[in-house]
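Enquirer: kindly generate the corresponding structure for this input.
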Amino acid sequence: MRTEKELEGVTLLGNQGVQYSDNYNPGVLETFPNKHPENEYLVTFNCPEFTTLCPKTGQPDFGHLYISYIPRERMVESKSLKLYLFSFRNHGDFHEDCVNIIMKDLVKLMDPKYIEVTGYFLPRGGISIYPFANYADEKHQDLKAQRLKEQLTQNINYKTH
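Expert: Below you'll find the predicted structure:
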C-alpha cells in the first residue's frame with residue numbers, strides 16, 4: 001500500500017472539485033514514486049478521445065493517442081494526464097506538434113528511461129495523420145531506433161496495401 005508521503009504530490013485523484021482546463025496546461029500533471037525503478041517495464045495509456053483545434057481554421061481535430069513509457073523514479077498520475085490531455089481541447093496546433101509537445105512535457109515531468117507518443121488522427125479532407133515521437137536515455141537508444149524503424153515499416157505497409 002502507498003504511504004501518505006508517497007502520495008504527497010497526488011492532489012487530483014479523488015478530488016471531486018477538480019476544474020477541467022480547456023486551455024493547454026502542463027501544470028496540471030502530477031507524479032508519484034515508482035516503487036519498482038530497478039525493473040524494466042512498460043506503462044501504456046490508451047487515450048481514444050483526444051481533441052485539439054486546427055491552428056488555421058479553428059475546426060476540431062479528433063485523435064486516438066497511445067502513450068507508452070518505461071519509468072525511472074517518477075510516474076505520471078493518470079487523472080492528471082486525463083486533465084492535461086483535456087487541456088488541448090481549445091489548443092490550436094498541428095497533430096505533429098501536439099504529439100511532440102505531449103512527449104516533451106512528459107519527459108520533463110518524469111525523466112523516463114524511454115517514452116513514445118503515437119497519434120492516430122481521424123481524416124479531415126480525406127487525409128489521416130499518424131504522428132509518432134519517441135525519446136530515450138543513453139541506455140535505450142537501440143530501442144528508440146528500433147521503434148522508429150517499426151513505425152516507418154508500418155507506415156510503408158499502409159501505403160502499399
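
Enquirer: buried set for the helix or strand Ala145 falls within?
Expert: For Ala145, the host element (DSSP states H and E) is helix 141-160. Neighbour-count burial for helix 141-160 flags Leu143, Lys144, Arg147, Gln151 (criterion: 16 or more other C-beta atoms under 10 Å). Quick note: C-beta positions are derived from backbone N, CA and C, even for glycine.

Enquirer: same list (those residues) but as a markdown table, adding distance to Met103.
Expert: Formatted as a markdown table, those follow (distance: C-beta to C-beta, whole Å):
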| residue | distance to Met103 |
| --- | --- |
| Leu143 | 15 |
| Lys144 | 12 |
| Arg147 | 12 |
| Gln151 | 13 |
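
Enquirer: next, name the residue at the spatial heart of the protein.
Expert: Ile67 (4.3 Å; C-alpha atoms, centre = their mean).

Enquirer: tell me the bridge partners for it.
Expert: Beta-bridge pairing for Ile67 (DSSP bridges): Phe45, Val117.

Enquirer: for it, give me its contacts.
Expert: Thr44, Phe45, Cys47, Leu81, Ile102, Leu106, Ile115, Glu116, Val117 (C-beta atoms under 8 Å, 6 or more residues apart in numbering).

Enquirer: if you set the cut-off to 7 Å instead, what comes out?
Expert: Neighbouring residues of Ile67 by C-beta atoms under 7 Å, 6 or more residues apart in numbering: Phe45, Cys47, Val117.

Enquirer: then Lys79?
Expert: With C-beta under 7 Å, 6+ apart, Lys79 has these contacts: Leu12, Leu13.

Enquirer: likewise the one 5 residues further on?
Expert: If a contact means C-beta under 7 Å, 6+ apart, then Tyr84 has Asn25, Pro26, Val28, Leu29 as its contacts.

Enquirer: give the helix, strand or coil label for it.
Expert: Tyr84 falls in the helix class when you classify it by DSSP: H, G, I helix; E, B strand; the rest coil.
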